[in-house]
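Asks: Coordinates for the following, if possible.
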Amino acid sequence: MKALAIAGNGLRMLLLRDRSSIFFVFLMPMMLILIFGAAFGNSGQERLGLVVQDRGPLAARMAAELKALPDLEVEVMTDADRMRSDVERGRLQAGVVIPDGYDRAVREGSAGTLRFVSREGVSGLRIGFVVRAAAGGEAERLKAARFAAAEQDGSFEESLAKADRTAPSVPAVKAEVVLAGEENVYANAGQFDLGASQQLVLFMFLTAMNGSVALIASRRLGIARRMLATPTPVRTILVGEALGRIGLSLLQGLLIMVGSAVMFGVDWGSPVGTVSLLLAFCLVGGGAAMLTGAVFRTEQQAGAVGLFLSLGLAAVGGSMMPLEFFSPALRSLAFLTPHAWANDGFSVLVLHGGGLADILPNLGVLAAYAAVLFALGTWLLRRSLMSAR
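Replies: Numbering: from 1, shown residues only. The predicted structure follows:
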């Protein structure tokens, strides 16, 4: 019970002594998940804006062809300038304008022109190919209708109706698709899934390292010495301090996990695997905080080193850029850090739909890291407490 009381006192010191802790523990991770998801996340269906300025039947036909495009969410708009602005801001991936005079140009035998706008990148390029293919198919039917009307001395509308009826019976060119390279592991990921797991690992470790500051403050203020003056063994103090560091990291992880699931719909995958990985990394963060709190003498030293280590290990370990983007040499270097094993484990759970059995190597490595860090941290802290006794 004394160990739990020590742990609870440590948590209160960390969370209540500075109100800005609420911002860094909960609000800042949620903001970063939102920013990274909005900027780089896979938002699902791509969105195409459509403005139809011509009210003729041929423009309506072209608009219907675009609305029927697969894997595209088409939003009909009335203002071309607003559509362009939405494309520039990223709300739409591309936009098409069917200009006024489209019907007249087609009926007179000229080429009907569509205006296409998109952002740079693969998404805009892909949508451009799809729109051009749809426009090309419509152009072929219009050419056939004009030719039939000229040869048979019939009306353009009748010839176009015949072309529409005949088109399905014309044999289509078949394309054999061969996939080259590795599978895109992000294809089925939610917009915020990847960013949430990366920020979870970063902030759990960062918050745990901040716990070393309170540990040093406890030593500097003589709280540990006063506890030793009571019938409280050193072992109880060490267990209490360790539980406080682990509890802080666990609280941070649960806040991010639950908050991202509620606010952004993040699917964390297998509950058993996720909780196991969360607890394993909590132990790593708690052990690192114990070691830092035992080594350094002032809060300023521990805070500076903790921040440097947290951001540095996060960058190398894949919390700022997915491990899949690393070169082979850098990827090998990354797996010298516990962050890489945690990020890889969450990738297996969140992106690949894996379970507990699939992350057993990750859990084993993280447990080894935690054991070494706690062994060193408790040994050094015991020496420090005994020398002050």
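Asks: quick one, strands of the chain?
Replies: Here the chain has its strands, by DSSP state E, at 46-52, 72-77, 94-98, 115-118.
Asks: Now mean pLDDT too, for these, in JSON lines please.
Replies: As requested, the strands of the chain are exported to JSON lines (pLDDT from 0 to 100):
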{"stretch": "strand 46-52", "mean pLDDT": "89"}
{"stretch": "strand 72-77", "mean pLDDT": "89"}
{"stretch": "strand 94-98", "mean pLDDT": "92"}
{"stretch": "strand 115-118", "mean pLDDT": "91"}
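Asks: Among those strands, which comes closest to Glu241?
Replies: Judged by CB to CB, the one of the strands of the chain that comes nearest to Glu241 is strand 46-52, at 51.5 Å. The C-beta positions use only the backbone N, C-alpha and C, and glycine is treated the same way.
Asks: Can I get the strands of the chain in CSV including mean neighbour count and distance to Val262?
Replies: Conversion of those to CSV gives the following (neighbours: other CB atoms under 10 Å; distance: least, CB to CB, whole Å):
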stretch, mean neighbour count, distance to Val262
strand 46-52, 21, 25
strand 72-77, 16, 25
strand 94-98, 24, 32
strand 115-118, 16, 34
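Asks: Which of those strands sits closest to Met204?
Replies: Among the strands of the chain, strand 46-52 comes nearest to Met204, with 33.5 Å by CB to CB.
Asks: Report the angle between the closest one and strand 94-98.
Replies: 20 degrees (axes from the mean of the first three to the mean of the last three CA atoms, to 10 degrees).
Asks: export strand 46-52 as PDB, just CAs?
Replies: C-alpha atoms of strand 46-52 as PDB (Å, rounded to 0.1, in the frame of the first residue of the first chain):
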ATOM      1  CA  GLU A  46     -10.800  10.800 -53.500                       C
ATOM      2  CA  ARG A  47     -13.000  13.800 -54.100                       C
ATOM      3  CA  LEU A  48     -13.700  15.400 -57.500                       C
ATOM      4  CA  GLY A  49     -15.500  18.800 -57.800                       C
ATOM      5  CA  LEU A  50     -17.800  19.200 -60.800                       C
ATOM      6  CA  VAL A  51     -19.100  22.500 -62.100                       C
ATOM      7  CA  VAL A  52     -21.600  22.400 -65.000                       C
END
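Asks: Return the list of helices and strands in contact with it.
Replies: helix 57-67, strand 72-77, helix 80-89, strand 94-98, helix 122-152 (3 or more CB pairs under 8 Å, 6 or more residues apart in numbering; DSSP states H and E).
Asks: picking up where we left off before, same list, the strands of the chain, but as TSV with distance to Gly345 please.
Replies: Output for the strands of the chain, formatted as TSV (distance: least, CB to CB, whole Å):
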stretch	distance to Gly345
strand 46-52	30
strand 72-77	33
strand 94-98	37
strand 115-118	37
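Asks: Of all these, which one comes closest to Val295?
Replies: strand 46-52 (51.2 Å).
Asks: How far away from the center of its chain is that closest one?
Replies: Per CA atoms, centre = their mean, to the nearest Å, the displacement of strand 46-52 from the mean C-alpha position of its chain is 26 Å.
Asks: ok, it: who's next to it in the sheet?
Replies: strand 72-77 (parallel), strand 94-98 (parallel) (DSSP bridges).
Asks: now for these, which one comes closest to Asp54?
Replies: strand 94-98 (5.6 Å).
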